[in-house]
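Colleague: I'd like to go over a predicted model; first the sequence, then the structure.
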Amino acid sequence: MLNIVDSDVELLLNNNSSPHDFKLKPSDIKKITDSDVLIYIDESIESFIERPLNALGEDTKTIKILGNADLSLLPIREGGVWEEEDHGDHHEHNHGAYDAHIWLGTKNVIKLTKFFVKELSKISPHKKNIYKANAKKFIQKSIKKTIKI
């Protein structure tokens, strides 16, 4: 997302956070309610988002990724390293029939980038060309990095 838009992007979760045990602080709720656009994966993986999502005003646009972006989803895996996820607080969470960790594959990153361009262009049509140009550069970088790997 940071590579596509030409305006401020605020993340609720940083690289060291897990959506499984994330707890919203008052400052996070303020970020959500003050946002123009809220992008989230799905309530199943980001259960903390349900209540604030229901309280958003009509001016805040929302973009839900799962079920809307054409992603390659893997089935839930069992056994080995996938047995009994332990996220610290032992709460129940359900990702449905598919693994909702969508950000872990390069193909999905490219699909997500195109999805964001499409959705953001609906919200801000006057910035469509900026989104497209930035996305093209980002996709090219992603492909080059994938080839190196």
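Modeller: Arrived safely.

Colleague: Show me the shaky parts of this protein.
Modeller: Applying pLDDT under 70 to the chain flags residues 1, 77-96, 98-101, 103-104, 148-149.

Colleague: Which stretches in it count as strands?
Modeller: Assigned by DSSP state E, the strands in the chain fall at 37-40, 61-64.

Colleague: Out of these, which one sits most buried?
Modeller: Stretch with highest mean neighbour count among these: strand 37-40 (a mean of 18; mean count of other C-beta atoms under 10 Å). For the C-beta atoms, the positions are set from N, CA and C on the backbone; glycine is no exception.

Colleague: And it, how far out from the chain middle?
Modeller: Averaging C-alpha positions (C-alpha atoms, centre = their mean, to the nearest Å) puts strand 37-40 8 Å from its chain's average.

Colleague: C-alpha coordinates for that strand, PDB please?
Modeller: Extracted C-alpha coordinates of strand 37-40, given in PDB (Å, rounded to 0.1, in the frame of the first residue of the first chain):
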ATOM      1  CA  VAL A  37     -10.100   4.600   3.900                       C
ATOM      2  CA  LEU A  38      -9.800   1.500   6.100                       C
ATOM      3  CA  ILE A  39      -8.200  -1.600   4.500                       C
ATOM      4  CA  TYR A  40      -8.400  -4.900   6.300                       C
END
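
Colleague: Tell me which other helices or strands that strand touches.
Modeller: Judged by 3 or more C-beta pairs under 8 Å, 6 or more residues apart in numbering; DSSP states H and E, the packing partners of strand 37-40 are strand 61-64, helix 106-123.

Colleague: Which residues does it contact?
Modeller: With contacts defined as C-beta atoms under 8 Å, 6 or more residues apart in numbering, strand 37-40 is touched by 1, 32, 46, 49, 53, 56, 60-65, 116, 120, 123.

Colleague: Mind doing that once more with 10 Å?
Modeller: By C-beta atoms under 10 Å, 6 or more residues apart in numbering, the residues outside strand 37-40 that reach it are 1, 5, 7, 9, 12, 19, 31-32, 46, 48-50, 52-53, 56, 60-66, 112, 115-116, 119-120, 123-124.

Colleague: So which residues of the chain form helices?
Modeller: Counting by DSSP state H, the chain has helices at residues 26-34, 50-55, 106-123, 128-148.

Colleague: Out of these, which is closest to residue 73?
Modeller: helix 106-123 (8.6 Å; C-beta to C-beta).

Colleague: Cool, thanks, signing off.
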